[in-house]
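# What follows is a predicted structure for the sequence shown.
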Amino acid sequence: MDLVIATRNAGKIKEIKALLTHGDFCVHSLAEFPNLKEVEEDGETFAANALKKARAAAVFSGMPALADDSGLCVAALQGRPGVHSARYAGEGASDAENVARLLTELAPYPAPWHAAFECVMAFCTPDGKEQLFHGRLSGRIIAERRGANGFGYDPVFLVPEYGKTLAELPLDIKNRISHRAQALRQVIAWLQTL
Ligand code: IMP
């Protein structure tokens, strides 16, 4: 099956390709479709954004497409930063600035600060078939940054089972337990039933 991965993020393509080796998939990236316009991620939910990206890629390429949207949801902040995770400290904010804003917002609340990374993957075909998959990694936000791996909020996201932040865990462990990996495993199991 031909499958377009609807992201320009090289890290995500690599991660998805690595997991898709188990099936008979011919994986394409958006690099093959340079004229596809950037989709504005203005949805209120991860699902809305993932669907928007997958639909656009499927219609434009004429092939089934897979897109993901993800972010950090913190209980004390009623689920924020959520869909705004990438730009929590403002448009174009760096990872360090987003983490700083998160810690500032959380400071008035008593720890432990329960949180989860959420990921929704959307599969869409050009003729309008759609399916959603959901992955979640639970943990806690800590006030000090620990570790140098990963990206985003990884240095302050503690995974209790390991007693380490995602930025302290080797990438192969993160890629096994992450919200994205969990969603992707469901996608693959489902695709193989088609
Ligand atoms: P997107 O799915 O690329 O739109 O990611 C949205 C934002 O959520 C990222 O820019 C990060 O701030 C955050 N995020 C998503 N997944 C992770 C992760 O695995 N680790 C750390 N931050 C993440």
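Ah, there it is. Just so it is clear, the model here is predicted, and its values are computed rather than measured.
# for this structure, what spans make up the helices?
For the chain, the helices defined by DSSP state H cover 10-19, 46-61, 95-106, 171-177, 179-192.
# Now the residue positioned nearest the centre of the chain. Nearest residue, chain neighbours left out?
Centroid check for the chain by CA atoms, centre = their mean gives Ser70 as the closest residue, at 3.3 Å. What sits nearest to Ser70 in space, not counting adjacent residues and going by CB to CB, 6 or more residues apart in numbering, is Cys119, at 4.0 Å. C-beta here means a position set from N, CA and C on the backbone, and glycine is covered the same way.
# Pull the contacting residues for whichever residue of the chain sits closest to the ligand.
Closest residue of the chain to the ligand, CB to the nearest ligand atom: Gly152 (2.3 Å). Residues counted as contacts of Gly152 (CB atoms under 8 Å, 6 or more residues apart in numbering) are 72, 85-86, 95, 98.
# same check, this time on Ser29
4-5, 7-8, 13.
# again, only using 7 Å
Contacts for Ser29 were tallied using CB atoms under 7 Å, 6 or more residues apart in numbering; they are 5, 13.
# Then Leu137?
Leu137 makes contacts with 116-117, 177-179, as judged by CB under 7 Å, 6+ apart.
# which bits of the protein sit near the ligand?
68-72, 85-86, 98, 117, 150-154, 166, 178 (CB under 6 Å from any ligand atom).
# buried ones in the worst-scoring helix or strand of the chain on mean pLDDT?
Lowest mean confidence among the helices and strands of the chain (mean pLDDT, DSSP states H and E): helix 10-19, at a mean of 77. The neighbour-count check on helix 10-19 (16 or more other CB atoms under 10 Å) flags 12-13, 15-16 as buried.
# just stretch 137-151 next, same as before
Buried residues in stretch 137-151 (16+ other CB under 10 Å): 137, 139-142, 145, 149-150.
# Please dump those residues into CSV; it should also carry distance to Ala50 and pLDDT for every row.
Formatted as CSV, the buried residues of stretch 137-151 follow (distance: CB to CB, whole Å; pLDDT from 0 to 100):
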residue, distance to Ala50, pLDDT
Leu137, 17, 98
Gly139, 22, 98
Arg140, 26, 98
Ile141, 24, 98
Ile142, 29, 98
Arg145, 29, 98
Asn149, 25, 92
Gly150, 21, 87
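# so can I have a markdown table of the residues you listed showing distance to Ala76?
Converted to a markdown table, the buried residues of stretch 137-151 look like this (distance: CB to CB, whole Å):
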| residue | distance to Ala76 |
| --- | --- |
| Leu137 | 18 |
| Gly139 | 14 |
| Arg140 | 11 |
| Ile141 | 9 |
| Ile142 | 13 |
| Arg145 | 19 |
| Asn149 | 26 |
| Gly150 | 22 |
